[in-house]
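Visitor: How does the following fold in three dimensions:
(one chain, ligands or ions: 1)
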Amino acid sequence: MTSIGLSRYLSYDAKAIIYKEYGEPSEKIIVHDYKVESIKNDNEVLLELIAHPINPSDINQIQGVYPSKPELSVNLFNDESEVLKEASAICGNEGVFKVVEIGKNVKGFAQNDWVIPLFPNFGTWRTHVKLDMKGEAKLFNLNKENEKTKRFAEGNGGLSVNQAATISVNPCTALQMITKFLKLEEGDWVIQNGANSSVGKFVIQVCKNLKINSINLVRDKSSEENPQYLDELKSELKDLGADVVVSLSEAKEDRKLIKKLVKDVKENNTGKVKLGLNCVGGESCIPLIKTLDENGYLVTYGGMSKKPVILSTSSLIFKNLTSKGFWITRNNFQDPEEKQQTLDQIVHFYQNKQLVDAKSTHNIWKKGIAPSEVLALYQKALSNSSKNIVVYE
Ligand SMILES: NC(=O)c1ccc[n+]([C@@H]2O[C@H](COP(=O)([O-])OP(=O)(O)OC[C@H]3O[C@@H](n4cnc5c(N)ncnc54)[C@H](OP(=O)(O)O)[C@@H]3O)[C@@H](O)[C@H]2O)c1
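Guide: Okay, here's the model as predicted:
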């Protein structure tokens, strides 16, 4: 950070990861160097990046294949002094920032509070953002105090960097899918495939917190090198709160296995299997629709196998199943209020240690490093198949 003129008036050395044409992210991203000046009016805030994840949707946006993407523009930074030569977009949708400067008309936020964007296409892969806060809500304060959540002196709402950077998509997806489509009673059951995915693990924990039971389908990737794969995965998911964990091959071999295990877990359980969550498609839908009770819902939110959803004729006619899709981005556009309520609930779960976040590889972006080093850091993170977050420190 460099100061110019009066001590109150600062100019920040900022960088943003941008692209000017669609294609393979590691080839298309550019590090753009620019200045962000201190806020000029009482409605503005100035934010500094803490961390952002690299999500599949961010990659798909740069590739130009995601349905929601920012328009390429020469005016990216809400600042007349920074007009680009070529229309571009800033990468990234999810991430956490710290309030560095705040105008006196901005209510509900304080310096150092950790905040996340409330709308997609925000451009989170940048070190600084200046925002005019007039009009619709643009930021969610992770450090606010209300009937569910507490304030923390550190500004972080009690959340870790990893939790804060990744709060907006996967945990919210899990909670909204469980609560949105139908009213589940305590003791009811949810069945899901891809249960070891990041969303799947949040589904298990949210179910446990709401006293809903979960049946979890996974792939058995045991091998000669790793014969314990399935046993270890089952223990991991059970530790998170899963009631039943079954591999797809076990379910295929014994069609009555899931019902048997459900009965074993809860002797006098009268709860119904009302909700099926599908992020895989293809054959892995079959145990879901076979286990769902009459009038159940099959909700599809991902297609990891790239195969179509299988829905039998009999399940539609005789069980009256309903098949729906879920996309959190659409939901946030349609119901911004619900987004804030969902975030309050997830912050509450984290503050009460009722939720464990998904592990990520942290890529440290040291302040002041050269653009070529920043580019190398992103290229490395993009080539890494594990979950990645970039931490600015
Ligand atoms: N609709 C929405 O609003 C929304 C929101 C968030 C995420 N999503 C979607 O939800 C899905 C999961 O996201 P995530 O971040 O939780 O994923 P993740 O943590 O990367 O996990 C991926 C999951 O997919 C499984 N999988 C991968 N390839 C597969 C294949 N060919 N056949 C069967 N299973 C396969 C993996 O199983 P193995 O471990 O056995 O490989 C794992 O369970 C993605 O499709 C994502 O785009 C949708």
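Visitor: L275 belongs to a helix?
Guide: No: if the criterion is DSSP: H, G, I helix; E, B strand; the rest coil, then L275 is strand and not within a helix.
Visitor: Neighbours of the residue nearest to N209 when sequence neighbours are not counted, how many?
Guide: Of all residues not flanking N209 in the chain, Q354 sits nearest, at 5.0 Å (Cβ to Cβ, 6 or more residues apart in numbering). From N, CA and C alone the C-beta is placed, and that goes for glycine too. Residues near Q354, counting by other Cβ atoms under 10 Å, number 14.
Visitor: and if you look at R126?
Guide: 27.
Visitor: One more: the one 4 residues further on?
Guide: The number of residues packed near K130 is 20, by other Cβ under 10 Å.
Visitor: shaky segments in the stretch 1-150 of the chain?
Guide: 1-8, 78-81 (pLDDT under 70).
Visitor: for the ligand, what are the nearby residues on the stretch 151-300 of the chain?
Guide: The stretch 151-300 of the chain comes close to the ligand at residues V169, N170, T173, G194, N196, S197, S198, V199, R219, K221, C279, V280, as judged by Cβ under 6 Å from any ligand atom.
Visitor: any idea whether the last one is helix, strand or coil?
Guide: Read that as V280. coil.
Visitor: please renumber so the chain begins at 20
Guide: Shifting the count to begin at 20 puts that one at V299.
Visitor: unless I'm mixing things up, it is touching N215, no?
Guide: No: the pair V299 / N215 is not scored as a contact, 11.1 Å apart, by Cβ atoms under 8 Å.
Visitor: So which of these two has more stuff around it?
Guide: Between V299 and N215, counting by other Cβ under 10 Å, V299 is the more crowded of the two (26 against 20).
Visitor: Find the nearest non-adjacent residue to D273, please.
Guide: K279 (7.9 Å).
Visitor: in a strand, that's where the one you found is, yeah?
Guide: No: when three-state DSSP is applied, K279 is found to be helix, with no strand at that position.
Visitor: Can you give me the neighbour number for it?
Guide: Residues near K279, counting by other Cβ under 10 Å, number 11.
Visitor: Check I36 too.
Guide: 26.
Visitor: The helix or strand harbouring it: how far from the chain's middle?
Guide: Secondary structure assigned from DSSP states H and E places I36 in strand 29-38. Using Cα atoms, centre = their mean, to the nearest Å, the mean C-alpha position of strand 29-38 is found 24 Å from that of the whole chain.
Visitor: Can you give me the buried ones in it?
Guide: Using 16 or more other Cβ atoms under 10 Å as the test for burial, strand 29-38 gives L29, Y31, A33, K34, A35, I36, I37, Y38.
Visitor: residues in contact with the nearest residue in space to the first one that is not next to it in sequence?
Guide: It refers to L29. Nearest residue to L29, sequence neighbours excluded (Cβ to Cβ, 6+ apart): S57, at 4.7 Å. Counting by Cβ atoms under 8 Å, 6 or more residues apart in numbering, S57 touches R27, Y28, L29, S30, L65, E120.
Visitor: Bridge partners for the fifth one, pull those for me.
Guide: Right, L65. E120, K149 (DSSP bridges).
Visitor: neighbours around it, how many?
Guide: Other residues within reach of L65, judged by other Cβ under 10 Å, total 21.
Visitor: In this structure it contacts H147, no?
Guide: Yes: with contact defined as Cβ under 8 Å, L65 reaches H147; the gap is 6.7 Å.
Visitor: Any chance you could list residues touching both of these two?
Guide: Both L65 and H147 are in contact with Y31, V55, V119, where contact means Cβ under 8 Å, 6+ apart.
Visitor: and the gap between the last one and V55?
Guide: Going back to what we said before, that points to V119. Distance, V119 to V55, by Cβ to Cβ, to the nearest Å: 10 Å.
Visitor: Between these two, which has more neighbouring residues?
Guide: Between V119 and V55, V55 has the larger neighbour count (other Cβ under 10 Å), namely 27 against 20.
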